[in-house]
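>>> quick one, fold the following:
(one chain, ligands or ions: 1)
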Amino acid sequence: MKIKILTLFPSMFAPLHESILGRAEKKGLLDIEAIDIRAYTTDKHLKCDDVPFGGGAGMVMTPQPIVDAVESVDPERKLRRIYLSPRGRTLTAEVARQLSREDGLLLLCGHYEGVDQRAIDLTMDEELSIGDYVLTGGELAAMVVVDAVARFVPGVLSEGSAEEESFSAGLLEYPQYTRPQEFRGLRVPDVLLSGHHANIEKWRAAQSAALTQARRPDLLKD
Ligand code: ADE
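Purely as a prediction, here's the structure:
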């Protein structure tokens, strides 16, 4: 899956080339590129922001570099174009799964007080928020979206991992344990050492149900 990220801070995206996503990139499953919006400005001082019409605090990103960057990076409108913004629909596991089925994504990161509305209206398909809080820019939100989506791209995780875990069945994940069997006086639950697969599954399902009831009862409604 091709993911193009338009940003004024391309160096912020180094973490996407590490760990599981880095491995997926080497395998050819992901192709993630952060592109500097500033490279597209026609302003001789390389300015990409200006004061808001109507007044108010902060600066607004100007439309020209953004629109030119989008049109240059995705001339045939092949990518799903997403502006990261607290005004957007909220990212969930289901939204991430849907986005993983797109041919590619183009993520636009805003900064300062936001982006001139005309740039959004002219180029974007939708706005996406990662939660009800305001970040200083869209970069961290874009990284969250890339990570959450990439996990659903076939081959990125080991078989079954994305399906088995939290939220795929609408429940929180059961507790996991590894060696040693006893650590600081705390023992791994006996059932997990029993080798009895049916009992292990039953225990895990019960743990998931109890955790969800205790911590996120809202997930059990409907
Ligand atoms: N940019 C600033 N805050 C954001 C949020 N919560 N989600 C997505 N993009 C953002």
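
>>> how about residues contacting stretch 72-81?
For stretch 72-81, contacts defined as Cβ atoms under 8 Å, 6 or more residues apart in numbering pick out 2, 4, 6, 35, 40, 70, 99, 102-106, 108, 123-126. Every residue, glycine included, has its C-beta placed from N, CA and C.

>>> oh sorry, the question was meant for stretch 96-110
Residues outside stretch 96-110 that contact it (Cβ under 8 Å, 6+ apart) are 1-9, 61, 66, 70, 73-74, 78-85, 115, 120, 123-124, 137-139, 141-142, 145-146, 148-153.

>>> hmm, 6 Å instead?
Applying Cβ atoms under 6 Å, 6 or more residues apart in numbering, the contact partners of stretch 96-110 are 1-7, 74, 79-84, 137-139, 142, 148-149, 152-153.

>>> re the thing from before, what subset of the contacts of stretch 72-81 is also close to the ligand?
Counting by Cβ under 6 Å from any ligand atom, nothing from those sits close to the ligand.

>>> helix, strand, or coil at I82?
When classified by DSSP: H, G, I helix; E, B strand; the rest coil, I82 comes out as strand.

>>> hey, what's it bridged with?
For I82, the beta-bridge partners under DSSP bridges are L107, E126.

>>> check what pLDDT it gets.
Note on I82: pLDDT of 99.

>>> now do the contacts for it.
Contacts of I82 (Cβ under 6 Å, 6+ apart): L107, E126, L128.

>>> rerun that using 8 Å as the cut-off
G88, L99, L105, L106, L107, L108, M124, D125, E126, E127, L128, V145.
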